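> Sequence and predicted structure, then a few things I'm wondering about:
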Amino acid sequence: MQEEATIEKEASAPLLVQIIKENDIQGFALDLDNTFLKTSQYYTTAEYILSLEIAESLTSNISNETFATEMSHILTKQYYEKKGQPILVTDRYILALEEYLGNKISNEEIQQINEYYADFYMKSPEMIEGSVELLKLMIDLKLPLIFNSNAQDEWTRIKLRGFEELLDGFNLPYNVVDINKEKGPESWKYSVKRINTPIERTLMMGDSLVADILAGIAAGCRNIVWVNGDLNKLPLWVREDTSIHIWCVDSVRELIVI
Ligand SMILES: [Mg+2]
């Protein structure tokens, strides 16, 4: 395995171009949420504000802010318990509130949560800095790309439309995995097949250890950019396999800066 640090940086080329050249990359398979979009932040901000609203109607002696913070902790804990598998934002909040209260919540509370989130899936999370420029560079290099996302089809369209508008209407292909299913190796294989690129010559990008990195490796990916990655979290056999190249970056922006 090869880390970013082992590549000698040429002053003249962004990391993406170096990776392409040195590994004969012919296409890209991309995760969307938290790789190109600030999706976690979109969730946590909305949840915090909803918690402040709900705190108003709770008969409790803790402050609204303390309640909102405690809810954030429960939401995060439940997310990790589900190993990052997405669920509908309303169900996600209801489950966390029930854990906080220790009992089922009322229909009025469910209605308040549903109303609050009525337009949640009609808007896109903010783009991560550098993500548009990265897509521009991929398009300029004339290499095919595809997104592989574990989210609703319509929401994915809305998210991608934001990028397409900034890319002169360039059509961004995508594959969606229903949120009731896991984004496993088959989804990566299927996505890469759609862009007609050998999987071992595809550069995959993602932030999730299970849904992106390990699923991609199981699908046959050998070149992977891991956003917010930590090589210590990889199984030993991955670390010891010299045919697998993983570049850990703090953000996709690192791929385009010179
Ligand atoms: Mg992701």
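Arrived safely, thanks for sending.

> Next to the ion, which bits of the stretch 101-250 of the chain? Give me the list.
With C-beta under 5 Å from the ion as the criterion, the stretch 101-250 of the chain meets the ion at residues residue 207. To be clear about C-beta, it is placed using only N, CA and C from the backbone, and glycine gets the same treatment.

> low pLDDT regions in the stretch 101-250 of the chain?
Per-residue confidence of the stretch 101-250 of the chain (counting by pLDDT under 70) places no residue in a weak region.

> quick one, what contacts the closest residue to the ion within it?
Nearest residue of the stretch 101-250 of the chain to the ion, counting by C-beta to the ion: residue 207, 4.4 Å away. Applying C-beta atoms under 8 Å, 6 or more residues apart in numbering to residue 207 gives the contacts 31, 33-35, 226-229.

> For stretch 93-112, buried residues please.
Neighbour counts over stretch 93-112 (16 or more other C-beta atoms under 10 Å) mark 93-97, 100, 105, 109, 112 as buried.

> Where do the strands of this structure begin and end?
27-30, 145-149, 174-176, 202-206, 223-227, 245-249 (DSSP state E).

> Among these, show me which one is buried the most.
strand 202-206 (a mean of 27; mean count of other C-beta atoms under 10 Å).

> how far does that strand sit from the chain's center?
12 Å (C-alpha atoms, centre = their mean, to the nearest Å).

> Touching it from outside, list them.
Under the criterion C-beta under 8 Å, 6+ apart, residues 19-20, 23, 25-31, 35, 188, 192, 195, 212-213, 216, 221, 223-227, 252 lie in contact with strand 202-206.

> before we move on, back to that, take the strands of the chain and lay them out in a markdown table including distance to residue 52.
Shown next, in a markdown table, are those (distance: least, C-beta to C-beta, whole Å):
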| stretch | distance to residue 52 |
| --- | --- |
| strand 27-30 | 35 |
| strand 145-149 | 30 |
| strand 174-176 | 32 |
| strand 202-206 | 33 |
| strand 223-227 | 30 |
| strand 245-249 | 34 |
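
> For residue 40, find the nearest of those.
strand 223-227 (11.7 Å; C-beta to C-beta).

> And for that closest one, what's in contact with it?
With C-beta under 8 Å, 6+ apart as the test, strand 223-227 has contacts from 19, 23, 25, 34-35, 200-207, 212-213, 216-217, 244-252, 255.

> So in that sheet, which strands flank it, and in what orientation?
strand 202-206 (parallel), strand 245-249 (parallel) (DSSP bridges).

> Tell me the spacing between the residue lying closest to residue 51 once chain neighbours are set aside and the ion.
Residue nearest to residue 51 in three dimensions, not counting chain neighbours: residue 68, with 3.7 Å by C-beta to C-beta, 6 or more residues apart in numbering. Using C-beta to the ion, to the nearest Å, one gets 25 Å for the distance from residue 68 to the ion.

> Could you find the closest non-adjacent residue to the spatially most central residue of the chain?
In the chain, the residue lying closest to the centroid (C-alpha atoms, centre = their mean) is residue 33, at 2.7 Å. Spatial nearest neighbour of residue 33, excluding adjacent residues (C-beta to C-beta, 6+ apart): residue 39 at 3.8 Å.
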